[in-house]
Structure formats: structure tokens, C-alpha cells
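A.B. asks: Build me a model from this:
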Amino acid sequence: MKSILFLAGCLLGIGLQLSAQPVDSLYKEKYRPQYHFSPKKGWIGDPCGFIHYQNKYHMYWWGKVESRDLVHYQEVTPFTMTGENIDMNYFTGSMVIDKHNTAGFGKDAYVAVYTIAEKVSKKQSQGISFSHDGKSFQYYEDNPVLDIGSTEFRDPTVFYYEPTKRWVMVVAKALEKKVQIYSSADLKHWKWESDFGPCGDQEKSWECPDLFQLPVDGDWNNKKWVMVISVNWAKEQYFIGDFDGKEFKLVENHPQDPLYVDKGMDYYASRTFRDYDSTLTTVTSMGWVATWDYAQLVPSTYGKGFWSIPRNLSLKTYPEGLRLIQTPVSQLEALRYNEITCKRNLEVGVHKVDFFTPSENSYELDFKFDVEKSNVFGLNLCVGNGRKVTISYDTDSYNLVIDRTNCTDACIPKFSRMEHAKVVPSGGKLRLHFYIDRSSIELFANDGKDVFTFLTYPDDSQTGMEIFALKEGTKYFFKGWMLKSVWTAE
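C.D. replies: Reported below is the predicted structural model:
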């Protein structure tokens, strides 16, 4: 357990014992996601270095993948780093494009900023590597560029702050539950500016901080800064505030209770794309679909781990204050086929869904329930062989419950879990928008105000769907689509 806790949120490049099956067959492998990104083989952990540059999305886990649409992926290389000390590991970090050659590696150089994890001493410090093609990075000989002598100091996010003409780094002091903010003129010499925290969820650890701006209610002339922090090796919380290049301050009346990015069981270490083309009109993120209790123990054989579908982020005003909204990128609609639409009344009891019968778990569902009448209702997904995933909703308590205690045919320690959260409907309607993909479900409730991501690992034969209700009187509108695999061209 101790070793897993040490590695949490950071470990990259683990060598895994893989089956001897050819790569082409891996895309059809049992449990293999069909429209989420996973590498051809091997381990993938935290997203690192997410940038939009030269009309491409560049994504690193210190391997590299590129995409033009955030739907189809071209894996470039499983290894990008060279020249390092053999007594270190590369942990989580970020990527910048040095347009003005501030670091002296050349105009428009790619510069990776990451945590150097020393194998013997366990010390963690921040280092840099540089590249001229974004594919092969050379270790900077004068690393580390930031060292405070700590074994719990990791996961830097770096970006350029135009008003001060300086680079900004946010980096976690994990067990102190703090994010330290530094600035630099050249990416090599860093000045401490301020600390943020502890606050919100302070139970175990803080990791993988990100700091970015979002529009309020769709108005880019009214922006706030959002700090996202991974906590407890299992979830993410976020804070809303203002940032002046040196200090992050919470908005007035910010809630003391944690605001969670995702209320499911398996979403961690998300990163936003930094736009170096200045052409994007959205802020988009992706996260790691895993939890450290069992990330290394799941039954996939191509390797371990995959990333979430990409999500566009924004802030919206509610009676209780500003809240983060996450919506799936519209580009995913290109994968849809065999659309089914219907309106129905919920019947009392449990009934097989006969209007949408997928042959495999790779589909999208969009339900809109009328919740003005008291009821408890829900869905059973991945039904078969006596197993299922249950999502239920109580209109009186607003409680949404996810039960995956009997959903997988595999033996995964600590996997049998339930999760619940308060989900308040809007205008007497509850929208539940699902993305089901072989071994996971992502649920966007109420247009992305409440999001739940969780792993499932059902058997291939578990493709059934059931709908249930305790009482009469609930109406719903349904749309569903099968989703094409993004690996068909491989």
C-alpha cells in the first residue's frame, strides 16, 4: 500500500507484462475502450503537457499522442524523454511552447516541465527537457530547476501569464495540502510568489494542480480563474477565484465544503489544453479514468489505463453561486449511428428496454425525465449473467445512487463500490446523458453540472438494459446512438 501511495497521481512509464497477441487485435480486446484514448500497449497514467499548437492537439504521458479533432488519435511514440539520470523517474508535468526563446533552447521550442523523482532518496524536484519537434526531448543538464528538498513536491503546471510577461508554475506540496505558486522569466530560475491552501478537502493529499480561466455564463468579458486539485488519490476538487500572476484568491462567499469536479469513483489528474495558436473558443480538459486502489490491478491486457472523453468547461451562475459545468465535446457526435428516439411513461417494476438493444457496450444515451411527481426510478446498464450497474434517482431527496457492486466478471480488489450525490433537477426535468464504452461509464447530469465517471469492466455479453420505477406517473424522452470505434482505421 505504501508504494502505491507514493506513486499516486504521478507514476509514468511503468513496464507491464503484456500478452503476446498482435497489436491490431488489441483494439478489439475484451474491456478495450473504443472511443476513449489508450495507448496501443503499456501503461498510461496522468495526462501531461496538453497543448493546442499548429492546428493539432498534443497530449503527453511522456509518451505522445496527437489529434486534430479530439476524437481520432495518432499515437506518435510511447517514449519521448532522453538523456536523463538513470537514478530518476519522470513524474507528472506539463508542456509549454517557448515562442520568444526565453529559456535559450530556440524560438518555439517545446519545453516539458515535470517532477524528477529520485529512486533512492525519494526526493521530488522540478526539471525541464526541451525539443524542437515535440517528439524527442533532451534532458536539461542543469536540472533540477526547482528543488526545496522535499519528498512530497510534485506535478507542475506551467503557463505564460501575459500581464507580467512571466511564466507561472503551480505545483503541489502534497501532504501539506498546499499549492505553491512560482514565477520565472526563463523557465530555469523560479521565484516563490505565494501558497494556496489548505482548504476544501484536506483528508489525505493534494496533487496535479491546474489553474486556468473560464467565462462566466458564456461571457468571455467576465472571466474567473479556476484551480483544480486532485485529492486523496481518488477525486478532484476545484476552487473559483481571481489571479494576478502571483496569488490566487477565492471569490467572495466561496463555499467551505469541497466542490468536486467529478462525483463518480474514477476520475483524476485532469489537464486543460493550453492554446498556443490562439484560435480555440473553448477550454477543454481530459482526465485519467482510474483510482489508485486498483489502477494496476484491472483486467485489461493491452496495458493499464485510459483517458476520459474530452470535456468543454465553463462557469455558470446558480442560486448557490458559481459552479463548474462540463459538457462532452460536440465532435463526438461524428461517431453516432443508428439513432433511436422515443417518448414513454415509466411503468412500475423492472422492465427490459426493448427500444434500444446494443450488441456491444459502445453507445450514448440521453434521457430527460419529468420529475415533478414523487418517484424512485432508474436504469440497469451492462445487464447480463446476473450482473448489472444500477443508477437510481429519488425525486424527493434528489439523491442519485450508482451501484456497481455486481457489475464485473473479473476479480478486482476494492472494486465493489457505491457512490451517491445530491442532483437537483432544473425546471422539473432531470437530464441524464451517458457515454458507455466497454469498461467505463461517464454520466453528465443536468447539462454537466453534476458528472459521474466510473469503471465497470463487464463481460462482453453484458449488453442488456433495464428501466425501473417504484410508482406510476413519470414520463421521459429518450435518444440513443451506437458509437463507432475510433480504432477502425488502425
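A.B. asks: tell me the pLDDT at residue 28?
C.D. replies: pLDDT, residue 28: 89.
A.B. asks: how much space between it and residue 182?
C.D. replies: 46 Å (CB to CB, to the nearest Å). (C-beta placed from N, C-alpha, C; glycine too.)
A.B. asks: Now do the strands in the stretch 201-350 of the chain.
C.D. replies: Per DSSP state E, counting those that start in this stretch, the stretch 201-350 of the chain carries strands over the ranges 206-216, 219-231, 235-243, 248-250, 268-272, 274-275, 283-288, 303-304, 311-318, 321-328, 336-345, 349-352.
A.B. asks: so where is the chain shaky, pLDDT-wise?
C.D. replies: 1-24, 489-490 (pLDDT under 70).
A.B. asks: Now do the domain split for it, please.
C.D. replies: When the chain is parsed with automatic domain parsing, its domains come out as 2-328, 330-483.
A.B. asks: Would you mind giving the ones you listed as a markdown table with mean neighbour count added?
C.D. replies: What follows is those, written out as a markdown table (neighbours: other CB atoms under 10 Å):
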| stretch | mean neighbour count |
| --- | --- |
| domain 2-328 | 19 |
| domain 330-483 | 17 |
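A.B. asks: hmm, back to that, out of the strands of the stretch 201-350 of the chain, which is closest to residue 381?
C.D. replies: strand 349-352 (12.3 Å; CB to CB).
A.B. asks: Counting by contacts, list what the closest one packs against.
C.D. replies: The contact analysis (3 or more CB pairs under 8 Å, 6 or more residues apart in numbering; DSSP states H and E) places strand 349-352 against strand 464-469.
A.B. asks: Who are the packing partners of the strand it packs on?
C.D. replies: By 3+ CB pairs under 8 Å, 6+ apart, strand 464-469 packs against strand 349-352, strand 376-384, strand 387-394.
A.B. asks: Am I right that residue 65 is in contact with residue 72?
C.D. replies: No: taking CB atoms under 8 Å as the definition, residue 65 is not a contact partner of residue 72, at 10.5 Å.
A.B. asks: Spatially, what comes nearest to residue 231 if we skip its sequence neighbours?
C.D. replies: residue 201 (4.7 Å; CB to CB, 6 or more residues apart in numbering).
A.B. asks: Please state the backbone phi and psi of that neighbour?
C.D. replies: phi -80, psi 120 (degrees, to the nearest 10).
A.B. asks: and it, what does it touch?
C.D. replies: The contact partners of residue 201, taken as CB atoms under 8 Å, 6 or more residues apart in numbering, are 231-232, 235, 237, 258, 260.
A.B. asks: give me that answer again for 10 Å
C.D. replies: Listed by CB atoms under 10 Å, 6 or more residues apart in numbering, the contact set of residue 201 reads 177, 229, 231-232, 235-237, 257-260.
A.B. asks: How about the residue nearest to the spatial centre of the chain: what's its closest non-neighbour residue?
C.D. replies: Centroid-nearest residue in the chain: residue 287, 1.5 Å away (criterion: CA atoms, centre = their mean). With CB to CB, 6+ apart as the criterion, residue 287 has its nearest non-adjacent residue at 3.4 Å, and that residue is residue 270.
A.B. asks: Residue 54 now?
C.D. replies: Using CB to CB, 6+ apart, the closest residue to residue 54 is residue 277 (6.9 Å).
A.B. asks: again, but for residue 212
C.D. replies: residue 272 (4.9 Å).
A.B. asks: next one: residue 350
C.D. replies: residue 468 (4.2 Å).
A.B. asks: Also residue 458?
C.D. replies: Going by CB to CB, 6+ apart, residue 458 has residue 382 as its nearest residue, at 4.0 Å.
A.B. asks: partners of the residue nearest to residue 212 in the sheet?
C.D. replies: With DSSP bridges as the criterion, residue 272 is bridged to residue 285.
A.B. asks: And for residue 169?
C.D. replies: residue 158, residue 182.
A.B. asks: picking up where we left off before, now the strands of the stretch 201-350 of the chain in CSV, with distance to residue 422?
C.D. replies: Output for the strands of the stretch 201-350 of the chain, formatted as CSV (distance: least, CB to CB, whole Å):
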stretch, distance to residue 422
strand 206-216, 23
strand 219-231, 19
strand 235-243, 16
strand 248-250, 22
strand 268-272, 22
strand 274-275, 34
strand 283-288, 22
strand 303-304, 33
strand 311-318, 13
strand 321-328, 13
strand 336-345, 26
strand 349-352, 25
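A.B. asks: So which of those strands is nearest residue 409?
C.D. replies: Nearest to residue 409, of the strands of the stretch 201-350 of the chain and by CB to CB, is strand 303-304 at 17.9 Å.
A.B. asks: Check what contacts the closest one and list those residues.
C.D. replies: 14, 16-18, 26, 32, 38-45, 78, 290, 294-298.
A.B. asks: at 7 Å what do you get?
C.D. replies: 16, 18, 39, 41-44, 295-296, 298 (CB atoms under 7 Å, 6 or more residues apart in numbering).
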